[in-house]
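[1] Next input, structure requested:
(one chain, ligands or ions: 2)
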Amino acid sequence: MNTQTLNLPTEQVDIALGERSYGIVIGAGVLDREASYVGLPAAACAVIVTNETVAPLYAQRLAAALTPRYPVIHTVVLPDGESYKTWESLNLIFDALLGHGCDRKTVLFALGGGVVGDMTGFAAASYMRGVPFVQVPTTLLAQVDSSVGGKTAINHPLGKNMIGAFYQPQRVICDLDTLKTLPMRELSAGLAEVIKYGPIADLAFLDWIEANIGALMAREPQALAHAVKRSCEIKALVVGQDERESGLRAILNFGHTFGHAIEAGMGYGHWLHGDAVGCGMVMAARLSQALGLVDQAFVERLTALIRQAGLPTVAPVLDVQDNVGRYLALMRIDKKSEAGEIKFVLIDGTGKAVVGGAPDDVVVAVIEASCAST
Ligand code: NAD
Ligand code: GLY
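    Ligands and ions are numbered 1, 2, ... in the order given. Reported below is the predicted structural model:
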């Protein structure tokens, strides 16, 4: 693992949402820096929500940084993993908040990856009908995607992220140094969401990722810093125009229609979210090609990059009896579906994406080819 110290300037990306606007602070060591927390809502109590893996690494440091601002700091440690993104875990947060007598000014701090961030956000949205929260993402995936934009949720056995709310954080604090302790597989998972931004919004960024994939995999500080910043800029632009996904924001779901089906179909936690999105992007690109929107060269280029990022490009069989039927059934309960019609994010190879349906036989052919291909 690269243990180089990230000696980089602190940057801020702003997300413009009227009275719900906030800043995304990006830099090395920002977790410990008092300046990162200036201007956050005052309260008698702050609650750090984290998990059993991240707590021993970073919870004390966050508590130390918050001590000058909050007289009382509690920490809630959840079990680790996608399979714990459930009502039961959510209730552990509420149990702690109520047990400690936390009032409606209490500020929650989500310290961890996307699972902790999504659950803490949902807890903040609903505890006493809404308390402020701050995202302190510690995975690449959370820094480039899940901590930004206010989507919060838990999973349901029948579908991914099906129960949740749009609820924006007060701030996002991305400490690039925390990425040093991230397992390699999780780094790859985060790269899936970084790669996503290229074909849907910024071909120059796709070129840059291709040129720097080795540096990103080696956790070169400058490369990670640029990837996080550019990803946040693109996400901030999209969410700023369509906070509640009435249209444009759906492009951020490139690869996710297939990907969510893979995650739910395999059982949450078997494939990482990023693995499923990586493979899902290959499938969505193939579907775009089958619909005549993009050429084979672009699909091959994207597939090669996803493979280089250490992500799977061959889709898993979800059901040995009726694999295609299982994919279709799972995709029908995707949140983008309308009246049972499955919707996909399709790319055109010029850095633009659209949301649309596809004839069943074309989708079936893509699933069959993707599960069989090597
Ligand atoms: P995760 O939260 O499960 O974290 C991955 C693993 O890394 C966990 O084991 C975690 O404990 C560990 N970890 C976290 N930080 C670490 C660190 N610095 N060092 C060592 N280990 C660390 O997974 P994720 O990939 O961060 O997030 C995936 C989740 O995010 C999914 O549930 C997905 O649905 C959600 N998501 C939400 C949005 C959104 O807009 N809200 C967007 C994308 C993904
Ligand atoms: N990750 C998709 C979105 O935030 O809309």
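
[2] and the spatially closest residue to Arg69 that is not a sequence neighbour, what is it in contact with?
    Nearest residue to Arg69 in three dimensions, chain neighbours excluded: Tyr37, at 5.8 Å (Cβ to Cβ, 6 or more residues apart in numbering). Using the backbone N, CA and C atoms, a C-beta is placed for each residue, glycine as well. Applying Cβ atoms under 8 Å, 6 or more residues apart in numbering, we find Tyr37 in contact with 65-66, 69, 173.

[3] what is the rounded mean pLDDT of stretch 8-25?
    Averaging pLDDT along stretch 8-25 yields 95.

[4] can you pull the buried residues of that stretch?
    Going by neighbour count (16 or more other Cβ atoms under 10 Å), the buried part of stretch 8-25 is 8, 10-11, 13, 15, 22-25.

[5] got it, and stretch 85-103?
    For stretch 85-103, by 16+ other Cβ under 10 Å, it's 85-86, 89-90, 92-93, 96-97, 102.

[6] Just those: which are in strands?
    Judged by DSSP state E, the buried residues of stretch 85-103 include no members of strands.

[7] just checking: which of those residues also lie near ligand 1?
    Contacts with ligand 1 within the buried residues of stretch 85-103, counted by Cβ under 6 Å from any ligand atom: Lys85.

[8] Dump the buried residues of stretch 85-103 into CSV; add distance to ligand 2 as well.
    Listed next are these as CSV, based on distance: Cβ to the nearest ligand atom, whole Å:
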residue, distance to ligand 2
Lys85, 15
Thr86, 20
Ser89, 20
Leu90, 19
Leu92, 25
Ile93, 21
Ala96, 27
Leu97, 25
Cys102, 28
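
[9] Among the buried residues of stretch 85-103, which one lies nearest to ligand 1?
    Lys85 (5.4 Å; Cβ to the nearest ligand atom).

[10] In contact with the closest one, which residues?
    115, 118-119, 153-155, 268.

[11] Out of those residues, which sit inside helices?
    Among those, the ones falling in helices (DSSP state H) are 115, 118-119.

[12] and Val25, helix, strand or coil?
    Classification of Val25 using DSSP: H, G, I helix; E, B strand; the rest coil returns strand.

[13] ditto for Val134
    strand.

[14] In this structure it contacts Thr106, no?
    No - Val134 is not in contact with Thr106 according to Cβ atoms under 8 Å; the separation is 11.7 Å.

[15] re the thing from before, confidence score at the residue nearest to Arg69?
    So Tyr37 comes in at 97 (pLDDT).

[16] Okay, it and Met162: tell me how far apart.
    Using Cβ to Cβ, to the nearest Å, Tyr37 is found at 33 Å from Met162.

[17] ditto for Gly27
    In terms of Cβ to Cβ, Gly27 sits 35 Å off from Met162.

[18] Among the two, which residue is more densely surrounded?
    Of the pair Gly27 and Met162, Gly27 is the one with more neighbours under other Cβ atoms under 10 Å, namely 23 against 16.

[19] Need the nearest residue in space to that one, chain neighbours excluded.
    Among residues not flanking Gly27 along the chain, Thr10 sits closest, at 3.3 Å (Cβ to Cβ, 6+ apart).

[20] Name the residues of the stretch 151-300 of the chain found near ligand 1, please.
    For the stretch 151-300 of the chain, the contact set with ligand 1 under Cβ under 6 Å from any ligand atom comprises 151, 161, 178, 181-182, 186, 189, 273-274.

[21] so which residue of the chain comes closest to ligand 2?
    Residue nearest to ligand 2 within the chain (Cβ to the nearest ligand atom): Leu252, separated by 3.7 Å.

[22] re earlier: correct me, but the residue nearest to Gly27 touches Leu31?
    No - using Cβ under 8 Å, Thr10 is not in contact with Leu31; the gap is 11.4 Å.

[23] For stretch 39-53, buried residues please.
    Buried residues in stretch 39-53, defined by neighbour count with 16+ other Cβ under 10 Å: 40, 43, 45-51, 53.

[24] Would it count as contacting ligand 1?
    Yes - Stretch 39-53 is in contact with ligand 1 by Cβ under 6 Å from any ligand atom, via 51, 53.

[25] can you list contacts of that stretch?
    So stretch 39-53 is contacted by 58-59, 62-63, 66, 69-80, 93, 96-97, 100, 102-103, 105-112, 115-116, 119-120, 123, 132, 134, 170-171 (Cβ under 8 Å, 6+ apart).

[26] can you map out the strands along the stretch 1-150 of the chain?
    Secondary structure of the stretch 1-150 of the chain by DSSP state E, counting those that start in this stretch: the strands cover 11-15, 22-27, 45-51, 72-78, 107-112, 133-137.

[27] Would you mind naming the helix or strand containing the closest residue to Gln296 other than its chain neighbours?
    Distances taken as Cβ to Cβ, 6+ apart place Gln289 nearest to Gln296, at 6.0 Å, with adjacent residues excluded. Secondary structure from DSSP states H and E places Gln289 in helix 273-290.

[28] And that helix, what's buried?
    So helix 273-290, judged by 16+ other Cβ under 10 Å, has buried residues 273-290.

[29] which other helices and strands contact that helix?
    helix 184-201, helix 256-266, helix 296-308, strand 344-347, helix 360-372 (3 or more Cβ pairs under 8 Å, 6 or more residues apart in numbering; DSSP states H and E).

[30] Convert the fourth one to PDB, retaining C-alpha atoms only.
    What follows is strand 344-347, C-alpha atoms only, in PDB (Å, rounded to 0.1, in the frame of the first residue of the first chain):
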ATOM      1  CA  PHE A 344     -31.900   2.200 -18.400                       C
ATOM      2  CA  VAL A 345     -29.300   4.900 -18.600                       C
ATOM      3  CA  LEU A 346     -28.000   4.800 -22.100                       C
ATOM      4  CA  ILE A 347     -24.800   6.400 -23.400                       C
END
